[in-house]
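Undergrad: output the structure for:
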Amino acid sequence: MRGKLSSWGLSIPIGCLGPVVFTVSSSEVRTFSDWKREAKGRYATHNVMGGRPVLEFLGTDLQTITFTMRLSVFLGVNPANEAAKLRQLCEEGTSMPLIIGNEPIGENNWIIESIGEETQEWDNNGNILTSTLQVTLKEYVGDMIVLGGDYDLAMEGDEES
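TA: Numbering: from 1, shown residues only. Model (predicted):
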């Protein structure tokens, strides 16, 4: 069904990162490639006198996702506008859901940690024709709130009994 609708010029979203919709149609291509997702554990190392260090598992680290976006006026998008929209989301620290194929990626929202931009082509008026973005996302768990003098930490939205 996807191929047929796309050949008629209808766009079916692949997914979205907040307000940025990833889509492919006969008139517009805004998608990604080189998807990499990383999950890590956090460990403390305890030195042992006369023995080997012992590792202690502290929990999971925040996940990261990196991908590349190739933007081109020849593929129906304005590279400068698309890059500006992503830069603004990055600089404002906006947390947003990442949805691919109607499924959320992970249990939490994501922030754009960084964006690298490389321009391949310009027109004779200085407009960007083709550029490539390297996007790094980081899992966003929520705001920590410090309570009282004991520095008890609670997640935003937690309620006291």
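
Undergrad: the strands in the chain, which residues?
TA: 12-17, 20-24, 29-30, 33-38, 41-46, 54-60, 64-72, 98-100, 103-104, 109-122, 128-140, 144-147, 152-155 (DSSP state E).

Undergrad: parallel or antiparallel, list what pairs with the fifth one.
TA: Read it as strand 41-46. Sheet pairing of strand 41-46 (DSSP bridges) gives strand 54-60 (antiparallel).

Undergrad: how far does the partner strand sit from the chain's center?
TA: Remark: strand 54-60 is offset 26 Å from the chain centroid, using CA atoms, centre = their mean, to the nearest Å.

Undergrad: tell me which residues are up against that strand.
TA: Ala39, Lys40, Gly41, Arg42, Tyr43, Ala44, Thr45, His46, Val48 (CB atoms under 8 Å, 6 or more residues apart in numbering). Just so you know, the C-beta spots here come from the backbone N, C-alpha and C atoms, and that holds for glycine as well.

Undergrad: now do that strand against strand 128-140, angle only.
TA: For strand 54-60 against strand 128-140, the angle by axes from the mean of the first three to the mean of the last three CA atoms, to 10 degrees is 110 degrees.

Undergrad: dump strand 54-60 to CSV, restricted to CA.
TA: The C-alpha trace of strand 54-60 is given here as CSV (Å, rounded to 0.1, in the frame of the first residue of the first chain):
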residue,chain,number,x,y,z
VAL,A,54,35.5,-5.0,41.4
LEU,A,55,32.8,-3.5,39.2
GLU,A,56,29.5,-2.4,40.6
PHE,A,57,26.5,-1.9,38.3
LEU,A,58,24.9,1.4,39.0
GLY,A,59,22.2,1.4,36.4
THR,A,60,21.6,2.2,32.8
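
Undergrad: flag the shaky bits of the chain, pLDDT-wise.
TA: 1-12, 143-161 (pLDDT under 70).

Undergrad: so where's the longest helix in it?
TA: helix 79-92 (DSSP state H).

Undergrad: buried set for it?
TA: Neighbour-count burial for helix 79-92, with 16 or more other CB atoms under 10 Å as criterion, is recorded at Pro79, Ala80, Glu82, Ala83, Leu86, Leu89, Cys90.

Undergrad: just give me the closest of these to Val20.
TA: For the buried residues of helix 79-92, the closest approach to Val20 (CB to CB) belongs to Leu86, at 6.6 Å.

Undergrad: what sits against the residue positioned nearest the centre of the chain?
TA: In the chain, the residue lying closest to the centroid (CA atoms, centre = their mean) is Leu137, at 3.2 Å. Leu137 sits next to Leu17, Thr64, Ile65, Thr66, Leu98, Trp110, Ile111, Ile112, Glu113 when contact means CB under 8 Å, 6+ apart.
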